[in-house]
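S.K.: No sequence on hand, only this structure:
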């Protein structure tokens, strides 16, 4: 644990808290509602964020993607996300049976964020300086950790737009 790892872990946890603000108003009845011109619905967004945070955490702790939360398929079920259904460039479906329940979506997101925060907080400065492949590029683990906060924030913005398009009250 270092000052740098604590700052990065706190930033990721802050992005989790900020993202969760925009969960308000979503439930089992509207978790797969989409709005014209917007790319993602709530369930897809939460699953995507959880999946990406777990993939980032793997670079720190070498642990597997939890089988209790993800299944290697396009479709998930009431308890798990389908990996290919929430991966980058996947297309959300309005079929609610392809995604976990609202409560499970939130639980899976929270667990993924907690894992990533814990893994980053435990990293030494030497570990943070090591590089990893992330998509088409190599980056230091410190940069990957920082990127996760921005990634969460980007999708929180999409949730804010979705909330507005679905007629929900603003959160800020």
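M.R.: On my side now, so go ahead. It should be emphasised that the depicted structure is a prediction, and the values quoted were computed from it without experimental measurement.

S.K.: switch to C-alpha atoms for all contacts and neighbour counts from now on
M.R.: Noted.

S.K.: Select the longest helix from the protein.
M.R.: Criterion DSSP state H: the longest helix present in the chain is helix 141-165.

S.K.: neighbouring contacts of that one?
M.R.: Residues outside helix 141-165 that contact it (CA atoms under 8 Å, 6 or more residues apart in numbering) are 5, 8-9, 11-12, 14-16, 18-19, 22-23, 34-35, 38, 40-42, 45, 49, 53, 56, 59-60, 120, 127-132, 134, 169-170.

S.K.: next one: stretch 9-28
M.R.: Identification of contacts with stretch 9-28 by CA under 8 Å, 6+ apart yields 42, 101-103, 110, 113-114, 116-118, 120-121, 145-146, 148-150, 152-153, 155-156, 159-160, 163, 168, 171.

S.K.: Write a PyMOL command that selects only the buried members of those.
M.R.: Burial among these is assessed by 16 or more other CA atoms under 10 Å; the matching PyMOL selection reads:
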select buried, resi 42+101+102+110+113+114+116+117+118+120+121+145+146+148+149+152+153+155+156+159+160+163
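
S.K.: coming back round to it: of the contacts of helix 141-165, grab the buried ones for ChimeraX.
M.R.: Filtering the contacts of helix 141-165 down to the buried ones (16+ other CA under 10 Å) takes a single ChimeraX command:
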select :5,8,9,11,12,14,15,16,19,22,23,34,40,41,42,45,49,53,56,59,60,120,127,128,131,132
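
S.K.: so of the contacts of helix 141-165, which ones are in helices?
M.R.: Those of these mapping onto helices are 5, 8-9, 11-12, 14-16, 18-19, 42, 45, 49, 53, 56, 59-60, 120, 127-129, per DSSP H.

S.K.: ok, the spatially most central residue of the chain - contacts?
M.R.: The centroid of the chain falls nearest to residue 49 when counting by CA atoms, centre = their mean (1.4 Å). By CA under 8 Å, 6+ apart, residue 49 lies in contact with 109, 151, 152, 155.

S.K.: That one and residue 106: what is the separation?
M.R.: Separation of residue 49 from residue 106 (CA to CA, to the nearest Å) stands at 11 Å.

S.K.: Give me the buried positions along stretch 18-32.
M.R.: Residues 19, 20, 22, 23, 26, 30, 31, 32 are the ones in stretch 18-32 that count as buried (16+ other CA under 10 Å).

S.K.: Could you list the low-pLDDT ranges of this structure?
M.R.: Applying pLDDT under 70 to the chain flags no residue at all.

S.K.: if we go to 80?
M.R.: Within the chain, the stretches with pLDDT under 80 are 1, 171-172.

S.K.: number of nearby residues for residue 147?
M.R.: Residues near residue 147, counting by other CA atoms under 10 Å, number 15.

S.K.: hmm, what's the outermost residue in this structure?
M.R.: The chain, CA atoms, centre = their mean, max distance from centroid: residue 126 (25.9 Å).
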